[in-house]
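# Need a 3D model of the following:
(one chain, ligands or ions: 2)
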Amino acid sequence: MQSGSLWGRTEPMARALAVVRGAQRHGLGGILVIGGPAGVGKTALTWEVRRQAARMGLRVAAGQCDPAQQSAPGAAVIALLRAGREPLLDSDAYADLVRMAAEPLPVADRIGDHLAGAAGSGPLLIALDDLHRADPTSRFLLRTVIARLAGLPIVWVLAGCDDLFVGELAGADDLRVEQIRLQPLATVDLVTMATDRLGHGPDERTSRYLDATGGNPRFAVRIIDSVARGAADSVAAEFHAMVSGRLARLGEAAQSVVRLLAVAGRPLTIGEIDALLPDTAAHREDDVVSEVLDSGLTTAVREGLSCRHELVSQAVRDCTRASHVRRLHRRLAEYYLTDSVRPAQAVAHARAAAEPGDASSGMTLLVAAESLADTDPDCASELATHEDCHRPRR
Ligand SMILES: Nc1ncnc2c1ncn2[C@@H]1O[C@H](COP(=O)(O)OP(=O)(O)OP(=O)(O)O)[C@@H](O)[C@H]1O
Ligand SMILES: [Mg+2]
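Numbers count the residues shown, from 1 in each chain. Ligands and ions are numbered 1, 2, ... in the order given. Below you'll find the model as predicted:
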């Protein structure tokens, strides 16, 4: 269902608007914390909340934490007081604050005075996006001012907020804190979104790509836009570019895990991943697993972790060096032959790893053939006649 310009966000919008209504009707303050992985729609939801709050009569001020534009400590918070067509501060008051910026405590007091004055004439909504990128002074100012003005009709919308900051806000008593962690959109919402934008339902191939986005609206918008542009094959190219971009942004350990899952082509348990990637195992803590999952390229399944979709696996393999893919196939083949009892998997990976003239892949094939001799003699003999098996065994 559509809420304003958004699809599939009825429930989070209802929760957000309940806080806005609390300020509008009952003079209550509140905090909306909007979190979720990259591209899930935090900024889009913040915009929609701002738009609806303005329609409900709240005065709205909004800003963003962009390190490139944070000229001085605290600039992200100070700048939002001067943002928009009807800024909360006039230019003199703003210039005073900028001059005082090196002294956070008096600045926090002064901002508190200005906002208390503004809230005296009606409820306010103050939105700050990308809070995880805020400098420490901005975070301090925000925390201090929010706690001091807790009794006033001010709704704070904090998007991209990290858990640490949420914990620090817990001290702001008297304030309703509504934490909204955005989930991926359902495929049905993506299909409706595509139908709305394209003027007709997406074809089967586009629907597959939409499904492979894992409900990430940023991915979906790019797929739909490339369909709308109509260039042949642009959807596949766009999808490939999105996957390789996502992969490149991950840390080294997380990248290795995603590449392994793509080559494995089936779910792997954390224990299997550790055994297959012993060099990165030391780093495989919860945050690597979260990074891998937040990338949107993978998903948690009953058996462990898996690539989200075969189209994602394919794209990850395509943007991995062929020699690296073969190395991973060889490792999987050896693992399935020794540490686990999955000869059929071993055979598939040994075949994929085989390279003419490569002694080690020939050896793996030979061992796989031997292990299959009883259960699948046809396959075993086919493997044993593979040209790489003709090398003598040492
Ligand atoms: N529910 C939705 N319905 C329609 N379009 C959406 C929805 N959510 C997000 N979008 C679109 O998806 C794209 C990505 O959304 P957005 O920029 O809000 O993500 P984000 O979570 O803020 O990303 P980042 O983590 O990079 O800040 C935008 O083009 C936005 O308009
Ligand atoms: Mg954003």
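# interface residues of the stretch 151-300 of the chain facing ligand 1?
160, 185, 193, 217-218, 221 (CB under 6 Å from any ligand atom). From N, CA and C alone the C-beta is placed, and that goes for glycine too.
# Tabulate those residues (CSV), appending pLDDT, distance to ligand 2 and neighbour count.
What follows is these, written out as CSV (pLDDT from 0 to 100; distance: CB to the ion, whole Å; neighbours: other CB atoms under 10 Å):
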residue, pLDDT, distance to ligand 2, neighbour count
Gly160, 91, 6, 22
Leu185, 96, 15, 23
Met193, 94, 18, 21
Pro217, 95, 11, 23
Arg218, 93, 9, 16
Val221, 94, 13, 18
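# So which of those residues are in helices?
Taking DSSP state H, the ones among those that sit in helices are 193, 217-218, 221.
# Excluding sequence neighbours, find me the nearest residue to the closest residue to ligand 1 within the stretch 1-150 of the chain.
Residue nearest to ligand 1 within the stretch 1-150 of the chain: Gly41 (2.7 Å; CB to the nearest ligand atom). Spatial nearest neighbour of Gly41, excluding adjacent residues (CB to CB, 6 or more residues apart in numbering): Pro217 at 5.0 Å.
# Let me see the contact set for the one you found.
The contact partners of Pro217, by CB atoms under 8 Å, 6 or more residues apart in numbering, come to 7, 39-41, 44, 185, 190, 193.
# Check Gly30 too.
Counted by CB under 8 Å, 6+ apart, Gly30 has contacts 19-20, 22-23, 155-156, 175-178.
# again, only this time at 10 Å
The contact partners of Gly30, taken as CB atoms under 10 Å, 6 or more residues apart in numbering, are 16, 18-23, 125, 150, 153-157, 174-178.
# In strands, which of those fall?
125, 154-157, 176-178 (DSSP state E).
# Which pair of the residues you listed spans the longest distance?
The most widely separated members of the ones in strands among the contacts of Gly30, counting by CB to CB, are Leu125 and Val177 (15.2 Å).
# of these two, who's got more company?
It is Leu125, of Leu125 and Val177, that has more neighbours when counted by other CB atoms under 10 Å, with 26 against 15.
# returning to that earlier point: now the ones in strands among the contacts of Gly30: which count as buried?
Buried members of the ones in strands among the contacts of Gly30, scored by 16 or more other CB atoms under 10 Å, are 125, 154-157, 178.
# Out of those residues, flag the one nearest to ligand 2.
The nearest member of those to ligand 2, counting by CB to the ion, is Val157 at 12.3 Å.
# related to what we said a few turns ago, give me the subset of the contacts of Pro217 that lies in strands.
Trp7.
# residue contacts, Ile223?
So Ile223 contacts 190, 194, 202, 206-207, 209-210, 212-213, 234-236, 238-239, 242 (CB under 10 Å, 6+ apart).
# and with 7 Å instead?
Ile223 makes contact with 206, 209-210, 213, 235, 238-239, according to CB atoms under 7 Å, 6 or more residues apart in numbering.
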